[in-house]
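Visitor: here is the input, now give the coordinates:
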Amino acid sequence: MLTKEPMPVVQLGHSTLTIDRHDLTPELLEVARTELRENPDVVAKAVEELRDLLKADKELNVPWENDEYLIMFLRPCKFYAESAYQQVKRYYQFKVKHSKVYAGLVPSKEKNIFEQDILTVLPNRDNKGRRILVMELGKRWKHNECSLDEVFKGCVLFVEAALMEPCSQVAGSVVIFDMDGLSLQQVCQFTPPFAKRIVDWLQDSIPMRVKGVHIVNQPYIFNMVFALFKPFLREKLKNRIFFHGKDRASLQKHINKEALLPCYKGECDAQRLTGMDWYNLLSQLDKEYQAVNSYGYNNNNPDKIEG
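Guide: Below is the predicted model:
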């Protein structure tokens, strides 16, 4: 966390919703050790090396004194400081390139995307500790009331929240695209520039381990949408995209039943979290998002954008 704001809690009946700031579980400590090379000696060395690299970069204004911030970038790069430094640069280069999207981006100003209730994070993590983001861009999506730019902003806000969670940094996340009822009018909202932005964001910008993208309930015309994305996909992400249609057994090979809602023939007994549930939580973190937005390239220098 970049601020010292108290962590908000939203009461939902007998349960609570908050950002999970707990320490890593024993299981995730083992994942961090075996998959990310995370141990005290490696962490200490990598943190100092990354700090030195960022201090020396006079074009970047970042909180290099904050160890949590540095570890957030080091984890997906397996604690190789130079790789993490390049990740930091790509993260901020993307923000400059798409400054119209990121300008003043805080949850309280994006109420519409939450009210539309087409983005949510499932109440339970899966059995690997991963957060599960669900995007419903078929019959739930009123494209005349909510643009794809707003959808993208909502995704950014959810991912930035997940990056505040140590468990999510280590375990990563999975995404379910529920395309049930996708119409031709909705297909026409997608463009190659939008597709490239999403793929660039997933592949190069965010310091989040995206472990799987699962397409469910997709009609045949979804092939027209995927054709826009396909040219920009590199092999690593391409191999993590799975098409399930209405085959719930196929989906459950990747995400355990206990984490899935009944609509996916899952056994999660917690109530579905609505977009407004998340809005009520995340809008209390505006100051943290403002702090995140305050860093980056000095003067948004366009010469620092590569590619």
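Visitor: can you pull out the helices in the stretch 101-250 of the chain?
Guide: 111-116, 148-162, 166-171, 184-187, 192-200, 222-229, 235-238, 248-252 (DSSP state H, counting those that start in this stretch).
Visitor: ends of stretch 263-278, how far apart?
Guide: 20 Å (CA to CA, to the nearest Å).
Visitor: can you start the count at 25 instead of 1 from here on
Guide: With 25 as the first residue, the last one maps to stretch 287-302.
Visitor: tell me the contacts of residue 128?
Guide: Each residue near residue 128 by CB atoms under 8 Å, 6 or more residues apart in numbering is listed here: residue 317. (Glycine included, C-beta is placed from N, CA and C.)
Visitor: so what's residue 87 closest to, chain neighbours aside?
Guide: Spatial nearest neighbour of residue 87, chain neighbours left out: residue 93 (5.0 Å); criterion: CB to CB, 6 or more residues apart in numbering.
Visitor: from residue 116, how far out is that neighbour?
Guide: 13 Å (CB to CB, to the nearest Å).
Visitor: contacts for the helix or strand the residue nearest to residue 87 falls within next, please.
Guide: Secondary-structure element containing residue 93, defined by DSSP states H and E: helix 91-98. Residues outside helix 91-98 that contact it (CB under 8 Å, 6+ apart) are 25-26, 67, 70-71, 74-75, 78, 86-88, 104-105, 108, 111-112, 115, 187, 193, 231.
Visitor: buried subset of those, written for ChimeraX?
Guide: Restricted to buried positions by 16 or more other CB atoms under 10 Å, the ChimeraX selection for the contacts of helix 91-98 reads:
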select :26,67,70,71,74,75,78,86,88,104,105,108,111,112,115,187,193,231
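Visitor: so which of the contacts of helix 91-98 are in helices?
Guide: Taking DSSP state H, the ones among these that sit in helices are 67, 70-71, 74-75, 78, 105, 108, 111-112, 115, 193.
Visitor: tell me the two of the residues you listed that are most distant?
Guide: Spatially, the most separated pair among those is 67 and 115, at 20.0 Å (CB to CB).
Visitor: list the buried ones in the helix holding residue 93?
Guide: Those would be 91, 93-98, for helix 91-98 by 16+ other CB under 10 Å.
Visitor: do the same with stretch 59-75
Guide: Those buried within stretch 59-75 under the rule 16+ other CB under 10 Å are 60-62, 66-67, 70-71, 73-75.
Visitor: save those residues as CSV, and put in distance to residue 172 too.
Guide: Listed next are the buried residues of stretch 59-75 as CSV, based on distance: CB to CB, whole Å:
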residue, distance to residue 172
60, 33
61, 38
62, 36
66, 40
67, 39
70, 37
71, 38
73, 39
74, 34
75, 38
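Visitor: closest to residue 207 out of those residues?
Guide: So of the buried residues of stretch 59-75, ranked by how close each gets to residue 207 (CB to CB), first place is residue 60, at 42.0 Å.
Visitor: for that closest one, what are its contacts?
Guide: So residue 60 contacts 99, 102-103, 194 (CB under 8 Å, 6+ apart).
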